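K.L.:
Sharing a model prediction with you, sequence too.
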Amino acid sequence: MRLSVGLISILLTSAFAVSVPRQNGIPECEDGDESVAHDPGPYRGYNQCLDNCILTEQARNGNYGAVCAGTCKGQPLWGGGVNYVCYGSP
């Protein structure tokens with residue numbers, strides 16, 4: 001009996017967790033201020049660029065002055081490979 005009550009409570013908790021919408025973190029920038037970037041790059045990897053590309057929104061919208069995620073764009077290198085740089089707008 002204890003096992004079935006425990007199993008039912010776990011299943012109900014899991015069902016509730018799946019039904020709750022998830023926030024996906026920081027919104028993308030429309031016009032991010034690149035001067036406040038902690039380290040604009042260049043980065044050797046795309047994921048490293050995304051982790052560090054956090055800017056302040058400058059567009060006159062509901063997100064003005066808040067934190068936003070910038071866009072990472074690749075720049076090819078002569079010797080091969082790509083460097084990624086953080087930009088404020090797509």
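P.N.:
Nice, I can see it.
K.L.:
Okay, strands next: where are they in the chain?
P.N.:
Shown for the chain, the strands assigned by DSSP state E span residues 32-33, 54-57, 67-69, 71-76, 82-87.
K.L.:
Pull up the pairing partners for the fourth one, direction included.
P.N.:
Using DSSP bridges, the strands paired with strand 71-76 in its sheet are strand 82-87 (antiparallel).
K.L.:
What lies in contact with the partner strand?
P.N.:
For strand 82-87, contacts defined as Cβ atoms under 8 Å, 6 or more residues apart in numbering pick out 32, 34, 37, 40-46, 48-49, 52-53, 55, 70-77. All C-beta spots, glycine's among them, are computed from the backbone N, C-alpha and C.
K.L.:
where does the protein have low pLDDT?
P.N.:
Counting by pLDDT under 70, the chain contains low-confidence ranges at 1-24, 36-40.
K.L.:
So Tyr43 sits against Lys73, correct?
P.N.:
No - with contact defined as Cβ atoms under 8 Å, Tyr43 and Lys73 do not form a contacting pair (11.0 Å).
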